[in-house]
Every structure is written in structure tokens, then in C-alpha cells.
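A.B. asks: Structure here, sequence nowhere to be found:
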């Protein structure tokens with residue numbers, strides 16, 4: 001899989017852009033603030049329908065404009081597919097495939113698959129659990145696009161249940177509370193939560209050995225210790241990826257019942273995948289709070305490299321993800337730069353951004369593009 005063409009209209013700093021892209025490595029060079037990151041952000045948006053830099057769509061639209069368009073032609077084993085999304089903050093976004101509209105934007109998920117490396121990735125190790133949950137769920141959707149619907153269903157149920165808990169707490173304090181409706185939403189949360197929880201457990205089981213292997217490649221013989229990831233649930237520590245969805249539904253339902261009084265008093269759901277975390281340990285210590293800056297960076301990169309290997313192996317030939325490396329080499333020492341370059345150059349397409357070419361290892365030589373203020377031009 002590779003992008004052969006990228007078009008932007010009123011996306012971030014680009015009034016209008018059309019650029020042809022070859023397979024292999026493409027290097028985008030330019031001073032900071034010229035729009036390099038905007039390019040990989042646009043490609044990533046087609047893959048996940050979200051930005052790695054902001055939680056809302058409004059910043060993606062160029063100042064003074066009502067909407068932004070991201071369009072690309074992606075080559076699947078010689079079969080071109082055109083994918084586009086019209087981003088309109090405050091309204092429903094619209095998507096097209098081969099110029100034909102789809103009923104919901106999430107129907108395009110899976111047509112473009114990417115793994116993005118960015119400076120923000122350090123938050124996967126040092127940030128809050130929400131960063132790691134987002135990482136898992138985006139990888140789930142890339143691996144199996146139907147999981148986008150599962151996530152949407154769970155989020156809808158969670159919002160409804162939280163609203164009910166908030167009102168139930170107030171009513172109960174006045175002696176007029178009726179919690180019968182909460183039983184219905186408990187059942188919905190347990191069922192949809194079990195689908196998401198089970199998929200995450202399976203994902204982490206498959207991802208863990210690939211992360212450990214990738215960390216070893218990056219850190220080399222001087223590594224402090226093996227890198228491990230594990231899933232930590234809000235309901236139990238002994239959950240197994242082979243357990244049935246029916247079993248997980250029962251586990252969640254039991255925990256919801258046990259903690260109902262606390263949830264009503266606090267007015268928020270305390271049980272479910274939205275409270276879970278991905279733990280990262282280096283040797284015998286948790287990476288968060290103990291790992292050095294270089295170790296944290298290597299661990300974050302190992303999560304991305306492991307994701308790439310997982311997608312490449314599970315999707316099959318020709319479906320491997322496009323790698324997006326946004327100014328990551330400037331954060332690494334020379335040995336980690338070389339190690340990362342050796343791995344990523346195997347991908348069918350790699351898009352790299354950098355302020356100066358000296359930051360990028362020679363193994364990643366390829367097409368070069370100069371990024372100016374709203375322009376991108378290929379260099380001879």
C-alpha cells in the first residue's frame with residue numbers, strides 16, 4: 001500500500017495543494033512552521049479520522065474557511081482507490097470513495113493504513129492512561145475497521161449512563177431517586193464493554209512480543225532490561241484474551257453491581273474499558289517515572305514499530321501500513337537513528353519530515369521535497 005497522490009484544500013496552512021508521491025522513501029524538508037507536520041497529519045486523518053495533534057477538527061480548517069478537504073489516491077497492489085474527507089467543524093463530516101459518497105465517514109477506515117511516529121509519542125510512556133487507550137483503540141481500528149462501530153457504540157452507552165448517574169445521584173440525595181433504568185444501561189455497558197475489552201486483550205497479547213523485540217533493536221546491547229507491555233483492567237488483573245465475550249460481560253456486570261453505590265454518589269461510571277490502561281515496564285520498574293528520556297523515547301518508538309509489524313503480518317502482502325515519521329530523528333542519538341532507519345526502510349512507503357537533511361540517516365535516501373509556506377515542490 002502506498003499513496004500516489006495527496007490533495008489538500010484549506011487544510012491547516014495549505015489553501016490548495018496537489019503532490020505526486022512515489023513508493024519508497026519521501027523526505028519532506030523545510031524550516032519549522034512551514035507545514036511539514038500538516039502533511040503527515042492529513043494522511044493520518046484519512047487512516048483514523050482523527051488528528052494526532054488535536055482532539056477537535058476546528059484547528060484543521062484554514063483560518064477564515066468553513067471546511068477543509070483531504071483527498072488521496074492509494075495504491076492497493078496496483079489497484080488505485082481515491083479516498084476523501086470533507087471536514088466541517090460543527091457539522092457531520094462527509095467522505096467519498098472513488099468519488100461516490102458513503103453513508104458514514106468511518107466506512108473509509110481500512111482503505112488507508114498508517115503508523116505515525118511523532119514527538120507527541122513520548123506521552124505514550126509519560127502521559128496519562130487516556131493516551132495509551134487512544135493508542136490501543138486506533139490500532140484496533142487499523143487492524144479491524146469494524147471496531148470503529150464497537151467503539152462508537154460503547155462511547156454512546158457510556159455517555160447515556162454517565163448522564164443517568166449524574167441525575168440519579170441528585171435525585172437520590174433528595175429522596176426521589178429511581179434507579180430501575182440504570183439496570184438497563186448496566187447491561188448495555190457490560191455487553192458493549194466486553195466487546196471492546198476482549199479485542200484489546202487480544203491486541204495486547206499479539207503486540208507484546210513485537211514491542212519487546214523492537215525495543216531490543218533500538219536500545220541495543222546496552223538496554224536496561226526487557227520492555228514489557230500488559231493490559232490493566234478496571235475490573236480484574238487476571239483477565240485472559242482467550243476468555244469468551246460472555247464471560248467478560250459477566251465480569252463487567254458483576255463489578256458494576258458491586259460499585260453501584262460509589263458510582264451513584266460520584267455521578268460517573270467507574271467500571272469499564274474507559275478506565276483501563278496499558279502498562280509499560282522496563283526491566284523490573286514501570287517505564288513511567290523511572291525510564292530516562294532516551295529509554296522513554298525508545299519504548300515509545302517500540303510501540304509504533306510493534307504496531308507496524310503487527311499490521312504488516314496480519315493484513316498480508318500489499319496491505320502493510322504507510323509509515324509516517326514526523327521529525328522524530330532530531331530526538332534520537334545516532335545509534336537509535338540508524339536502528340530505526342534499518343527497520344522502517346522495509347516498508348512499501350515511508351514519509352519523513354525533517355528540518356535539516358543531516359538528521360535523517362543515509363539509509364533513508366529517496367525522493368526529496370522542499371516545503372515552503374503553503375507549497376511543496378519535488379527536488380531533482
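C.D. replies: Received the coordinates, thanks. The shown structure was predicted, so the numbers you read here are calculated from the model rather than taken from an experiment. Residues are numbered from 1 along each chain as shown.
A.B. asks: ranges for the helices of the stretch 1-150 of the chain?
C.D. replies: Here the stretch 1-150 of the chain has its helices, by DSSP state H, counting those that start in this stretch, at 36-48, 123-126, 129-143, 147-173.
A.B. asks: what's the angle between the longest one and helix 129-143?
C.D. replies: It stands for helix 147-173. Helix 147-173 and helix 129-143 are oriented at 140 degrees to each other (axes from the mean of the first three to the mean of the last three Cα atoms, to 10 degrees).
A.B. asks: Give the next helix or strand downstream of helix 147-173.
C.D. replies: As assigned by DSSP states H and E, the chain's next helix or strand after helix 147-173 is helix 180-219.
A.B. asks: Just the buried residues of that following helix, please?
C.D. replies: 182, 185-186, 188-204, 206-208, 210-211, 214-219 (16 or more other Cβ atoms under 10 Å). Yep, even glycine has a C-beta here, placed from its N, CA and C like the rest.
A.B. asks: Assign the nearest residue to residue 202 once chain neighbours are set aside to helix, strand or coil.
C.D. replies: Nearest non-adjacent residue to residue 202, counting by Cβ to Cβ, 6 or more residues apart in numbering: residue 241, 4.5 Å away. Under the three-state scheme (DSSP: H, G, I helix; E, B strand; the rest coil), residue 241 adopts coil.
A.B. asks: For the closest residue to residue 25 other than its chain neighbours, grab phi and psi.
C.D. replies: Excluding the flanking residues, the one nearest residue 25 by Cβ to Cβ, 6+ apart is residue 366, at 3.0 Å. Backbone geometry at residue 366, expressed as degrees, to the nearest 10, gives phi -180, psi -150.
A.B. asks: Count the residues that sit near residue 366.
C.D. replies: Neighbourhood size, residue 366 [other Cβ atoms under 10 Å]: 17.
A.B. asks: for the one 4 residues further on, same thing?
C.D. replies: Other residues within reach of residue 370, judged by other Cβ under 10 Å, total 14.
A.B. asks: Name the residue closest to the centre of the protein, please.
C.D. replies: residue 138 (3.8 Å; Cα atoms, centre = their mean).
A.B. asks: roughly how far apart are that residue and residue 187?
C.D. replies: 28 Å (Cβ to Cβ, to the nearest Å).
A.B. asks: Likewise for residue 43?
C.D. replies: 40 Å.
A.B. asks: Burial check on residue 279, number of neighbours?
C.D. replies: Neighbours of residue 279 (other Cβ under 10 Å): 15.
A.B. asks: pretty sure it is in a strand, no?
C.D. replies: Yes - counting by three-state DSSP, residue 279 is part of a strand.
A.B. asks: Please list all residues in contact with it.
C.D. replies: 229-232, 286 (Cβ atoms under 8 Å, 6 or more residues apart in numbering).
A.B. asks: does it have beta-bridge partners, and which?
C.D. replies: Under the criterion DSSP bridges, residue 279 forms beta bridges with residue 230.
A.B. asks: what two of the contacts of residue 279 have the greatest distance between them?
C.D. replies: Greatest spatial distance among the contacts of residue 279 (Cβ to Cβ): 231 and 286, at 14.6 Å.
A.B. asks: Comparing these two, which residue is more hemmed in?
C.D. replies: residue 231 (23 against 13).
A.B. asks: what's that one in contact with, if anything?
C.D. replies: 200-201, 204, 239, 276-279.
A.B. asks: go again using 10 Å as the cut-off
C.D. replies: Taking Cβ atoms under 10 Å, 6 or more residues apart in numbering, we find residue 231 in contact with 132, 136, 197, 200-205, 207-208, 237, 239, 241, 273, 276-279.
A.B. asks: try residue 341
C.D. replies: 25, 325, 329, 332, 350, 352, 360-364.
A.B. asks: Equivalent analysis for residue 374, please.
C.D. replies: 8, 12-17, 34-35, 38, 62.
A.B. asks: neighbours of residue 359, just the number please.
C.D. replies: Residues near residue 359, counting by other Cβ under 10 Å: 17.
A.B. asks: Spatially nearest residue to it, not counting backbone neighbours?
C.D. replies: The nearest residue in space to residue 359 (Cβ to Cβ, 6+ apart) is residue 329, at 4.4 Å.
A.B. asks: now swap in residue 145 and tell me
C.D. replies: residue 110 (3.7 Å).
A.B. asks: correct me, but that neighbour touches residue 142?
C.D. replies: Yes - in this structure, residue 110 is within contact of residue 142 by Cβ atoms under 10 Å, at 7.5 Å.
A.B. asks: what's the overlap in contacts for these two?
C.D. replies: 47, 148, 315.
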